[in-house]
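[1] what follows is a predicted protein model with its sequence.
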Amino acid sequence: MPTMTYLQAISDAMREEMRSDERVFVMGEDIGTFGGAFKVTDGFIDEFGPQRVMDTPLAESAIIGCAIGAACEGLRPIAEMQFSDFVSCGFDQLVNVAGKMYYRQGLSVNITVRLPSGGGFSGGPFHSQNPEGWFMHSPGLKVVAPSTAEDAKGLLISAVHDPNPVVFMEHKHLYRRVKGDVAEGTYETPFSARTAREGEDLTVIAYGAMVHTALEATEDLDGASIEVLDLRSLVPLDEEAILASVRKTSKVVIVDEANATCAAGAQVAALIAERGWEDLDGPVVRVSTPDVPIPFSPTLEQAVLPQVDDVKEACRELLAY
Amino acid sequence: MATEAAQSGTSQEAPPIGSEHLTTQDRVGLLRAMLMMRGIEERAMTLYRQGKVPGSFYDGFGQEAVSAGPTWAMAAQDRLCILHRDLAAHVIRGVPTERIFAQYMGREGGITGGRDGNVHFGDRTKGCVGMVSMLPDMMLVATGLAMAFKMRGERRAALTWFGDGSTSRGDFHEAMNWAGVQRLPVIFILENNQYAYSTPLDQQFAVDPVERAAAYGFPGVTVDGNDVEATFEVTRRARERALAGEGPTLIEALTMRMHGHAAHDDMKYVPKEKVEEWQAKDPIDRQTRRVEALGVDIAALRDEVRAEIDAAVDAALAMPMPDGETATDRVFAGEPALLEDGEAPWSGFTARSGA
């Protein structure tokens, strides 16, 4: 089984799908000749040609709107936003047209919108955001966020196969820092949670880059047995996996890289309050980014994004509760 | 062009024909579609005032030629993204009349099954995509449909309508630009009815948007939006152009919104003289004179339309309201459900197998 980076796994998923299904194509800004701002589609134009590796004008609403139209005719577009932040310019098409189409008129919209997201590298307020909460709040959109190379490939393939619009949150900070064994060929990863590490004393719930922060923070935490649950999918949210882990450990820390208010973690906390209350031995604790734009300077950025030590501290406090 | 045929008609009042590509049956069909639109909307407004149509109601009184003509020019395998004052498009594509009334009344048998209201619908099984309220979002969806046709090398075209107000939004630019860059087989119909809600044209743009087409690299043409044969003919040419790989066309159909923006709007911001001026240009009157001159029994046609509408209202009123328990169903698709072909009654298709 080959070893791939998270980025290579995403490329591999698209390449596999484009080789096996002529309905699949990619579109976005600078993704063709240049191979994409992060080189995710490097070499694609040589293999698949400019028609299926479509360099678009700088127009996010058009990218998503045209992807919707092509999908209504049976194609399976994978649209790239150069940075997740720019999806705000295509928000209307995604939320109002794609998200509500099937509910209103029974017309399915099989599009995948890739959003390179997240901070940690001085991207500043417009290249570091985690906008998944916007889309969790918009009925009709599925939202997934892999943390490993294996899941990045499998979730992306599942997204392309899914007849619904899927927002694919790929964390930029993981692109070249995370590596793993990735199966060749096509495989689907389900839109459900995964236990990243089994444990007995406390559960840390996270997704995307924060899974790695959680694993590092709890690898050796004063001998405590810490479970780490990787959500992988935010819509649908794997409620049963979350509640099962709460039943097992009775203590929960939820880590979000997104701004705290109405974040995925807020939804998880609400779920536990509603349906897991009797299983808790302490308050639900959240670690997240305060409600500020992501600042540029490294000292400022590190001060707001959840760090390994923040998670350690939260876990220690809750373990002692 | 083609005034001789009109002069040979039986009535001196008949306007010159608007297209040489229409048979008598086509001309009657166009009139019938417009009569259906007006009749359905008049009845729906009554149902609204009786409290049987929830929400509000929007109609296209006086604008019937803007949807009837262009839709007549589109083939079964073509695709349409339809705006809220374009009911004749649904009628021509073959949406059953009772389902239109059921749609207005939020009934289970409506096209959206009560999930969206009034004119917000498109029957996917007729090749139609329903609009959203954010305008002109469907310009991009139509552009994407055209992109699919081009990618697959198919001789098909997409068409969409949008209003004068929509030309102020960015999606107008993004769609025009992309369609121009890619030379896509898409037809943009600017339904210029002179008011965006209460905003008149001189507060909407400094230059007529039809002139912008040149800046995107394709032609923009203005047509009399109250002449159904003219709107047919200009769309027929735009479609030929699209199928020949020559790219998009922007058509400005100049018309007038004769009723308020919606049922509640008394339209006091429109000068009375302007309404009177446009009443004299009524598209149904104009086509009626043409068809009468061909010896067609107009009274019989009107009776037939009225009878269909009466029956459809009865059928729709007998349909149940949707069960509240189903409101959270079918947010996501389990299986793909895509667009299918609609009806395309133009004689040019039946004679030339849709080419």
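    Done, it's in.
[2] burial count for residue 23?
    As the question left the chain open, I've gone with chain A. The local packing of A:Arg23 (other CB atoms under 10 Å in any protein chain shown) involves 19 other residues. C-beta here means a position set from N, CA and C on the backbone, and glycine is covered the same way.
[3] wait, I meant chain B there
    Neighbours of B:Thr23 under the rule other CB under 10 Å: 13.
[4] what pLDDT is listed against B:Gly18?
    Looking at B:Gly18, its pLDDT reads 92.
[5] distance-wise, check it relative to chain A.
    30 Å (CB to the nearest CB, to the nearest Å).
[6] kindly list the main-chain dihedrals of that residue?
    With angles defined as degrees, to the nearest 10, B:Gly18 sits at phi -100, psi -10.
[7] that one against B:Gly225, yeah?
    No: between B:Gly18 and B:Gly225 there is no contact under CB atoms under 8 Å: 11.8 Å.
[8] output the below-cut-off pLDDT ranges for the stretch 151-300 of chain B.
    For the stretch 151-300 of chain B, no stretch is flagged by pLDDT under 70.
[9] how about the helices of it, start to end?
    Using DSSP state H, counting those that start in this stretch, the helices found in the stretch 151-300 of chain B span residues B:170-182, B:213-216, B:228-243, B:272-279, B:283-293, B:298-317.
[10] and stretch B:314-322, is it in reach of chain A?
    No: Stretch B:314-322 does not reach chain A (CB under 8 Å from any CB of the partner chain); its nearest approach is 12.4 Å.
[11] ends of that stretch, what's the gap?
    With CA to CA, to the nearest Å applied, stretch B:314-322 spans 18 Å between its terminal residues.
[12] buried ones in that stretch, by neighbour count?
    Neighbour counts over stretch B:314-322 (16 or more other CB atoms under 10 Å in any protein chain shown) mark B:315-316, B:319, B:322 as buried.
[13] give me the residue from chain B nearest chain A.
    Nearest residue of chain B to chain A: B:Gly144, at 2.1 Å (CB to the nearest CB).
[14] distance check, A:Arg316 against chain B.
    41 Å.
[15] same thing with A:Ser225?
    Taking CB to the nearest CB, one finds A:Ser225 at 37 Å from chain B.
[16] pretty sure that residue sits against A:Asp201.
    Yes: between A:Ser225 and A:Asp201 there is a contact under CB under 8 Å: 4.8 Å.
[17] which one of those two is surrounded by more residues?
    Neighbour totals were compared for A:Ser225 and A:Asp201, and A:Asp201 leads with 19 against 13 (other CB under 10 Å).
[18] residues in contact with that one?
    A:224-226, A:249, A:251, A:319 (CB atoms under 8 Å, 6 or more residues apart in numbering or on different chains).
[19] would you list the helices of the stretch 151-300 of chain B in CSV and tack on distance to A:Arg232?
    Formatted as CSV, the helices of the stretch 151-300 of chain B follow (distance: least, CB to CB, whole Å):
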stretch, distance to A:Arg232
helix B:170-182, 33
helix B:213-216, 43
helix B:228-243, 44
helix B:272-279, 59
helix B:283-293, 56
helix B:298-317, 46
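[20] on that earlier part again, now, the contacts of A:Asp201 that are in strands?
    The strands, defined by DSSP state E, take in A:Ile226 from the contacts of A:Asp201.
[21] how about the contacts of A:Asp201, which pair is most distant?
    Maximum pairwise distance among those (CB to CB): 11.1 Å, between A:Ser225 and A:Lys251.
[22] find residues that contact each of these two.
    Once CB under 8 Å, 6+ apart is applied, the residues that A:Ser225 and A:Lys251 both contact turn out to be A:201-202.
[23] what pLDDT does the residue of chain B closest to chain A get?
    98.
[24] likewise B:Gln7?
    41.
[25] point me to the residue of the stretch 51-200 of chain A nearest chain B.
    Going by CB to the nearest CB, chain B is nearest to A:Gly69 of the stretch 51-200 of chain A, at 2.1 Å.
[26] I'd say that residue and B:Leu145 touch.
    Yes: applying CB under 8 Å, one finds A:Gly69 in contact with B:Leu145, separated by 4.2 Å.
[27] residues shared between the contacts of the two?
    Counting by CB under 8 Å, 6+ apart, the common neighbours of A:Gly69 and B:Leu145 are B:129, B:158.
[28] contacts only, for B:Met319.
    B:98, B:102, B:107-109.
[29] quick one: which helix or strand includes it?
    Assigned by DSSP states H and E, B:Met319 belongs to no helix or strand.
[30] re the thing from before, shared neighbours of B:Gly18 and B:Gly225, anything?
    Common neighbours of B:Gly18 and B:Gly225 (CB under 8 Å, 6+ apart) are B:Thr231.
[31] can you list contacts of the helix or strand hosting A:Ala13?
    Using DSSP H and E, A:Ala13 maps to helix A:6-20. The contact list for helix A:6-20 (CB under 8 Å, 6+ apart) reads A:4, A:24-26, A:38-42, A:44, A:47-48, A:52, A:76, A:78, A:114, A:146, A:148-150, A:152-154, A:156-157, A:160, A:170-171, A:174-180, A:182, A:185-186.
[32] in strands, which of those appear?
    Using DSSP E, the subset of the contacts of helix A:6-20 located in strands is A:4, A:24-26, A:76, A:78, A:114, A:170-171, A:179-180.
[33] these also near chain B: which ones?
    Checking the ones in strands among the contacts of helix A:6-20 against chain B (CB under 8 Å from any CB), the matches are A:Phe25.
[34] dump the ones in strands among the contacts of helix A:6-20 to TSV, plus neighbour count and pLDDT.
    Output for those, formatted as TSV (neighbours: other CB atoms under 10 Å in any protein chain shown; pLDDT from 0 to 100):
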residue	neighbour count	pLDDT
A:Met4	22	98
A:Val24	22	98
A:Phe25	26	98
A:Val26	25	98
A:Arg76	23	98
A:Ile78	26	98
A:Arg114	27	98
A:Glu170	26	98
A:His171	28	98
A:Lys179	16	97
A:Gly180	16	98
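[35] of the contacts of A:Asp201, closest to chain B?
    A:Thr249 (31.3 Å).
[36] surely the closest one meets A:Glu198?
    No: if you go by CB under 8 Å, A:Thr249 and A:Glu198 don't touch, sitting 10.1 Å apart.
[37] need the overlap of contacts for the two.
    The contact sets of A:Thr249 and A:Glu198 overlap at A:Glu227 (CB under 8 Å, 6+ apart).
[38] tell me which of the two has more neighbours.
    A:Thr249 (20 against 11).
[39] ok, and the closest non-adjacent residue to that one?
    Among residues not flanking A:Thr249 along the chain, A:Thr203 sits closest, at 4.6 Å (CB to CB, 6 or more residues apart in numbering or on different chains).
[40] so the one you found: helix, strand or coil?
    strand (DSSP: H, G, I helix; E, B strand; the rest coil).
[41] what does the stretch 101-250 of chain A have sitting close to chain B?
    Counting by CB under 8 Å from any CB, the residues of the stretch 101-250 of chain A close to chain B are A:102-108, A:110, A:139-140, A:142, A:163-164.
[42] what residues does the stretch 101-250 of chain B put near chain A?
    Counting by CB under 8 Å from any CB, the residues of the stretch 101-250 of chain B that sit close to chain A are B:111-112, B:115-116, B:120-124, B:129-130, B:132-134, B:137-149, B:151, B:158, B:170-171, B:174-175, B:177-178, B:181.
[43] buried among those residues? Need that as a selection in PyMOL.
    Burial among these is assessed by 16+ other CB under 10 Å; the matching PyMOL selection reads:
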select buried, chain B and resi 111+112+115+116+120+121+122+123+124+129+130+132+137+138+139+140+141+142+143+144+145+146+147+148+149+151+158+171+174+175+177+178+181
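[44] phi and psi next, for the spatially most central residue of chain A.
    With distances taken as CA atoms, centre = their mean, A:Ala145 lies nearest the centre of chain A, 1.9 Å away. Backbone dihedrals for A:Ala145, given as degrees, to the nearest 10, come out at phi -150, psi 90.
[45] what's near enough to touch it?
    Residues near A:Ala145 by CB under 8 Å, 6+ apart: A:132, A:169, A:171, A:207-208, A:231-234.
[46] and the furthest pair within the residues you listed?
    A:His171 and A:Ser233 (14.7 Å).
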